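> let's see this in three dimensions:
(2 chains)
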2 protein chains.
Amino acid sequence: MAKQNIYDNKTFFEGYSKLRDREVNANNLFEIPTLKMLLPELKGKRVLDLGCGFGEHCKEYIDQGAVRVVGVDISEKMLEVARTENSDPNIRYLNIPMEDIGSIEEKFDVVISSLAFHYVEDFTGVVSAVYELLNEGGIFLFSQEHPVNTCYSGDGDRWTRDENGTKIHANLANYCVEQRNDSTWFVEGVQKYHRMFSTIVNTLADAGFMILKMAEPFPTPEIHNNYPEYDDLYHKPDFLFVKSVKIPKE
Amino acid sequence: MAKQNIYDNKTFFEGYSKLRDREVNANNLFEIPTLKMLLPELKGKRVLDLGCGFGEHCKEYIDQGAVRVVGVDISEKMLEVARTENSDPNIRYLNIPMEDIGSIEEKFDVVISSLAFHYVEDFTGVVSAVYELLNEGGIFLFSQEHPVNTCYSGDGDRWTRDENGTKIHANLANYCVEQRNDSTWFVEGVQKYHRMFSTIVNTLADAGFMILKMAEPFPTPEIHNNYPEYDDLYHKPDFLFVKSVKIPKE
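Numbers count the residues shown, from 1 in each chain, chains lettered A, B, ... in the order given. Okay, here's the model as predicted:
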């Protein structure tokens, strides 16, 4: 099956770029701060970034003291921006699908992936490959769309609203049906793979990772006061974070 | 705050007893088989059962070769049944609230709890106490109501239905609001404590447990064919299971 490369689609790319340009968005308010909070000490570390996109994170890891960063993305269009805007002598950008990372001939202390794994069909394969690429005691930290989000198929409203349009609850359907769900996000047919919470945890445990920390970010009191439009996250979080450590196999 | 002892309420006790008497129920179809699947080898082991109720599980653990079982329950009414129907020279039933297990002067190889932790306010305290009661390398296995269930407050229908009454999706509200939610189950005011998935995982990780396996049971093809009335579990699982192992503190 062909790997999805939606980020090279022109319409998608333009829509996504505009979204990222907005100063206040779910990424800036929730995803990036949570990722930063969970980051291990990067000083002197070798870091692999899976689904690096525009490379902002890669640059940030160098700024935090990493001595080597490899950024992997399936989209050459995204990497073009990365090479222009976030280049560094110690960053290498690699245009391969995440499923092919087994071909990388380096080892890393930290593997990070931000909001990419829900696009990957073979999660088990990627997690096994990450295990092999990590040094003993290495850290594996990722975010993905929350399972209560990825389970929803179709492009309809995921919310039930009152007569004023206020969201009163999220609609939860097919949470236990692990399948590819196609949705529209700038373009039609964006493919996301739904996995239950237990599947994500078991895949990590079976591969040899011990979970250190999870996060499902929602508005802090400050965000609630300044951006009440994100209050719907109290009902249904957008993102799931998992931080784990590679343990030796018996 | 007084610990909830709803199982000693006469109306609740009678309703619950009748529910348990039904041959086909969510416990028999999903909870018990999943618990059995996740049970470690019990031969020669010392087992603690938290919220043991009628003691059926305690007896089962003895049948599987456990040499010692301690069953703890806050409800003396439940333990009266346990002592009559599921007694054994190697089982001791102890009428204390789960929050007081620190007073038990024995160590165990396995601690199990079936569908009780959602009644416990101080989950962190109980998990720490379990860590202390376990021998090195001991197994901690529990089930509880699934977080997409415990988040729902009020006694209304948790489902959105079509014109025929068929459930089309579950209503997900306040998932990120960790609080006590009161509901009606035989009697009014049954108190359940909602905790997010990440809180449950982090509490275990912080206390010194490594997660080995999780489960969110839903109908097998066989159950789907024979009991289609449980198909709503595909949308929203009832139970969450976590199996973990005590690791030494650094």
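> tell me what residue A:240 is bridged to.
residue A:144 (DSSP bridges).
> got it, and the one 4 residues further on?
The bridge-partner assignment for residue A:244, based on DSSP bridges, gives residue A:140, residue A:211.
> got a list of what it touches?
Listed by Cβ atoms under 8 Å, 6 or more residues apart in numbering or on different chains, the contact set of residue A:244 reads A:139, A:140, A:141, A:204, A:209, A:210, A:211, A:212. C-beta here means a position set from N, CA and C on the backbone, and glycine is covered the same way.
> if we use 10 Å, what do you get?
A:111, A:127, A:130, A:138-142, A:201, A:204-205, A:207-214, B:205, B:211 (Cβ atoms under 10 Å, 6 or more residues apart in numbering or on different chains).
> what helix or strand is residue A:135 on?
strand A:134-145 (DSSP states H and E).
> pLDDT on that strand, on average?
Regarding strand A:134-145, the rounded mean pLDDT is 97.
> list the buried ones in it?
Using 16 or more other Cβ atoms under 10 Å in any protein chain shown as the test for burial, strand A:134-145 gives A:134, A:138, A:139, A:140, A:141, A:142, A:143, A:144, A:145.
> which strands and helices sit next to that strand?
Applying 3 or more Cβ pairs under 10 Å, 6 or more residues apart in numbering or on different chains; DSSP states H and E, one finds that strand A:134-145 contacts helix A:32-38, strand A:46-50, strand A:108-114, helix A:123-133, strand A:187-193, helix A:197-207, strand A:209-215, strand A:239-246.
> from the contacts of residue A:244, which would you call buried?
Buried subset of the contacts of residue A:244 (neighbour count, 16+ other Cβ under 10 Å): A:111, A:127, A:130, A:138-142, A:201, A:204-205, A:207-214, B:205, B:211.
> in a strand, that's where residue A:69 is, yeah?
Yes. The assignment for residue A:69 (DSSP: H, G, I helix; E, B strand; the rest coil) places it in a strand.
> okay, now the closest residue to residue A:216 other than its chain neighbours: neighbour count?
Residue nearest to residue A:216 in three dimensions, not counting chain neighbours: residue A:237, with 4.2 Å by Cβ to Cβ, 6 or more residues apart in numbering or on different chains. Neighbour count for residue A:237, taken as other Cβ atoms under 10 Å in any protein chain shown: 24.
> ditto for residue A:109
Here the count is done by other Cβ under 10 Å, and residue A:109 has 22 residues near it.
> residues touching it, list them.
Contacts of residue A:109 by Cβ under 10 Å, 6+ apart are A:40-42, A:44-48, A:66-68, A:134-139, A:246.
> measure it to residue A:133 for me?
Using Cβ to Cβ, to the nearest Å, residue A:109 is found at 10 Å from residue A:133.
> and for the two, which residues touch both?
A:46, A:48, A:246.
> list the beta-bridge partners for the second one.
The residues paired with residue A:48 through beta bridges, assigned by DSSP bridges, are residue A:70, residue A:111.
> so what's it up against?
Going by Cβ under 10 Å, 6+ apart, the list of residues near residue A:48 reads A:58, A:61, A:68-72, A:94, A:101, A:104, A:106-113, A:130, A:133-134, A:138, A:140.
> low-confidence stretches in chain A?
Within chain A, the ranges that satisfy pLDDT under 70 run A:1-2, A:12, A:18-22, A:153-156, A:185-186.
> my guess is residue A:116 meets residue A:49, correct?
Yes. Applying Cβ atoms under 10 Å, one finds residue A:116 in contact with residue A:49, separated by 9.4 Å.
> more neighbours: the two, which one.
residue A:49 (29 against 22).
> enumerate every residue touching residue A:69.
By Cβ under 10 Å, 6+ apart, residue A:69 lies in contact with A:42, A:45-49, A:52, A:55, A:57-62, A:86, A:88, A:90-93, A:108, A:110, A:112.
> brain fart, residue A:208
By Cβ under 10 Å, 6+ apart, the contact set of residue A:208 is A:127, A:128, A:131, A:132, A:134, A:244, A:245, A:246, A:247, A:248, A:249, A:250.
> and if you look at residue A:224?
Listed by Cβ under 10 Å, 6+ apart, the contact partners of residue A:224 are A:218, A:230, A:231, A:233, A:234.
> please list which of those residues also come close to chain B.
Among the contacts of residue A:224, the ones lying near chain B by Cβ under 10 Å from any Cβ of the partner chain are A:218, A:233, A:234.
> pick the one among those closest to residue A:7.
residue A:233 (24.8 Å; Cβ to Cβ).
> SS state for the closest one?
Going by three-state DSSP: residue A:233 is helix.
> burial measure for it, as a count.
For residue A:233, using other Cβ under 10 Å, the count is 21.
> would you agree it is in contact with residue A:223?
Yes. Using Cβ under 10 Å, residue A:233 makes contact with residue A:223 at a distance of 8.9 Å.
> any idea which residue of chain A is furthest from its center?
Relative to the mean C-alpha coordinate of chain A, counting by Cα atoms, centre = their mean, the farthest residue is residue A:163 (34.8 Å).
> and it, its phi and psi?
Dihedral pair for residue A:163: phi -60, psi -20, per degrees, to the nearest 10.
> ok, and the closest non-adjacent residue to residue A:102?
residue A:129 (4.7 Å).
> now swap in residue A:79 and tell me
residue A:93 (4.8 Å).
> paired strands for the helix or strand harbouring the one you found, with orientation please.
Element membership for residue A:93 (DSSP H and E) is strand A:91-94. Note on strand A:91-94: by DSSP bridges, its sheet partners are strand A:68-72 (parallel).
> sorry, back to before: top of the contacts of residue A:208 by neighbour count?
residue A:244 (26 neighbours).
> check contacts around residue A:72.
Residue A:72 touches A:48-52, A:58, A:79, A:92-98, A:100-101, A:104, A:111, A:113, A:116, counting by Cβ under 10 Å, 6+ apart.
> I meant to write residue A:39 there.
Neighbour list for residue A:39: A:47, A:57, A:60, A:61, A:64, A:110, A:112, A:139, A:141, A:243 [criterion: Cβ under 10 Å, 6+ apart].
> and which of those is nearest chain B?
Of all the contacts of residue A:39, chain B sits closest to residue A:243, with 9.4 Å by Cβ to the nearest Cβ.
> the closest one contacts residue A:113, doesn't it?
No. The pair residue A:243 / residue A:113 is not scored as a contact, 11.5 Å apart, by Cβ under 10 Å.
> common neighbours of those two, please.
Joint contacts of residue A:243 and residue A:113 (Cβ under 10 Å, 6+ apart) are A:35, A:140, A:141, A:142, A:143.
> quick revisit: can you flag the buried ones in the contacts of residue A:224?
By neighbour count, with 16+ other Cβ under 10 Å, those hold A:218, A:230, A:233, A:234 as buried.
> report the two of the shared contacts of residue A:243 and residue A:113 separated the most.
A:35 and A:140 (13.1 Å).
> now the common contact residues for these two.
With Cβ under 10 Å, 6+ apart as the test, residue A:35 and residue A:140 both reach A:112, A:113, A:243.
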